[in-house]
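> curious how this folds, go ahead:
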Amino acid sequence: MLSASAPTDIPHSKQAAACPESGHAPAVGAPGRGLLRVARVDGASAALSCASTSPLRLLLPRARGPLVWAVAASHGGGLVGGDEVSVEVEVGPEARALLTTQAETKVYRTDGPGCRQALRARVGAGGLLALLPEPVSAFAGSVLSQRQEVDLGEGASLVLVDALAAGRSARGERWAFRSLGSANHVSRQGSLLLADAVRLAADEGPPLPGRLAGWHLLATVVLLGPLLREPAAALLAALAARRAAPGDEVLAAASPLGDGLHLRLAARGVEPGQAALASLLSFLPALLGEDPLSRRP
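So this is what the prediction gives:
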């Protein structure tokens, strides 16, 4: 998930800088394109280049430090029919970067073409990339297709969260979108490790609200690489020992994936689900040097 509603409160920095718009180097061309390049420079991670074109806006709350912090937002407050957003991320050897969103990504109703989002990332040897967007909230009648592809170099690590909220439940728009597809492909040095996809469509099978009755948040978590080996092993052991009970607010299950894990979560409320994700990822402050989920309930 790459774009979000317009920024209101950038975390951890009152001096967050916007990446240059098209026309400033480096140019990224077509609308909705973004580029972020991060490298290890003089003992710190630094943003070497960053650019975005409307409706996408990339912000840099931290352009240099233990990790580069980038935030994706949208000039229009969300995605409308026909929007296409595409981001390329390069994280150099031993560098660290975090890409998140300022708020949930709203997807608005369309009677025509749907919206598309894509992210392609490469992480160099020993590097780390954390993809931690807020959930997508697809409104009634909306259409969204998105895909994230990450290629890891030798010894590189990845944290990936892909979450979907039911929509504007207070207005009766629970799982009322026309269709939504989300795919995550992760490889290491060109060899595929994970091909994961979710597709939900109103015209395929029984009505979505009935199929997903009682659930308000779905999420996928991927942890891979040497830096995530111990947290992944601890999570796998904890989840294996946990017994699900009727009425549980949150259900989570994980399976080993290389030196990490692939986890799926379902929650009966958005806030309990996000709180559960924050608990499952409670190791992140020690890994990243700060808590990227501290804004959540």
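
> strands along the stretch 51-200 of the chain, start to end?
Under the criterion DSSP state E, counting those that start in this stretch, the stretch 51-200 of the chain contains strands at 56-62, 64-65, 68-74, 84-91, 96-101, 105-107, 115-123, 128-132, 136-138, 143-152, 157-165, 179-188, 191-201.

> present those strands as TSV; the columns should include mean neighbour count and mean pLDDT.
C-beta here means a position set from N, CA and C on the backbone, and glycine is covered the same way. Formatted as TSV, the strands of the stretch 51-200 of the chain follow (neighbours: other CB atoms under 10 Å; pLDDT from 0 to 100):
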stretch	mean neighbour count	mean pLDDT
strand 56-62	22	94
strand 64-65	14	96
strand 68-74	26	93
strand 84-91	22	97
strand 96-101	24	96
strand 105-107	27	94
strand 115-123	22	97
strand 128-132	23	98
strand 136-138	28	95
strand 143-152	21	97
strand 157-165	24	97
strand 179-188	19	97
strand 191-201	14	96
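
> which of those sits closest to T220?
Each of those has some distance to T220 by CB to CB; the shortest is strand 157-165, at 4.5 Å.

> starting at the chain centroid, how far to that closest one?
Put simply, strand 157-165 sits 5 Å off its chain's centre (CA atoms, centre = their mean, to the nearest Å).

> please name every helix or strand in contact with it.
Applying 3 or more CB pairs under 8 Å, 6 or more residues apart in numbering; DSSP states H and E, one finds that strand 157-165 makes contact with strand 128-132, strand 136-138, strand 143-152, strand 179-188, strand 217-224, helix 270-280.

> now with 6 Å?
strand 128-132, strand 217-224 (3 or more CB pairs under 6 Å, 6 or more residues apart in numbering; DSSP states H and E).

> indicate which one of those is closest to A63.
strand 128-132 (16.1 Å).

> now the angle from that closest one to strand 96-101?
Counting by axes from the mean of the first three to the mean of the last three CA atoms, to 10 degrees, strand 128-132 points 10 degrees away from the direction of strand 96-101.

> other residues contacting strand 128-132?
Outside strand 128-132, the residues that touch it by CB atoms under 6 Å, 6 or more residues apart in numbering are 91, 96-100, 121, 123, 157-161, 227, 292.

> so which residues make contact with the helix or strand containing A237?
Using DSSP states H and E, A237 falls within helix 229-241. With contacts defined as CB under 6 Å, 6+ apart, helix 229-241 is touched by L223, A254, D259, G260, L261, F283.

> for the first one, what are its contacts?
Taking CB under 6 Å, 6+ apart, we find L223 in contact with V159, A232, G260, L261.

> what pairs with the nearest residue to the first one once chain neighbours are set aside across the strands?
So the one you mean is V159. Residue nearest to V159 in three dimensions, not counting chain neighbours: A130, with 4.3 Å by CB to CB, 6 or more residues apart in numbering. Per DSSP bridges, the residues bridged to A130 are L98, V159.

> thinking again about what came up before, mind checking which of the strands of the stretch 51-200 of the chain is nearest A47?
The nearest among those, by CB to CB, is strand 68-74 at 4.9 Å.

> can you show me the CA trace of that closest one as CSV?
This file holds the C-alpha atoms of strand 68-74, laid out as CSV (Å, rounded to 0.1, in the frame of the first residue of the first chain):
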residue,chain,number,x,y,z
VAL,A,68,15.9,6.7,6.4
TRP,A,69,12.2,7.4,7.1
ALA,A,70,10.0,8.0,4.1
VAL,A,71,6.2,8.7,4.1
ALA,A,72,3.8,8.3,1.2
ALA,A,73,0.8,10.6,0.9
SER,A,74,-1.7,11.7,-1.7
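
> what's that strand packed up against?
Applying 3+ CB pairs under 6 Å, 6+ apart, one finds that strand 68-74 makes contact with strand 56-62, strand 96-101.

> what is the first helix or strand past the helix holding A237 going along the chain packed up against?
Sequence-wise, the next helix or strand downstream of helix 229-241 (DSSP H and E) is strand 250-257. When contacts are defined as 3+ CB pairs under 6 Å, 6+ apart, strand 250-257 sits against strand 260-267.
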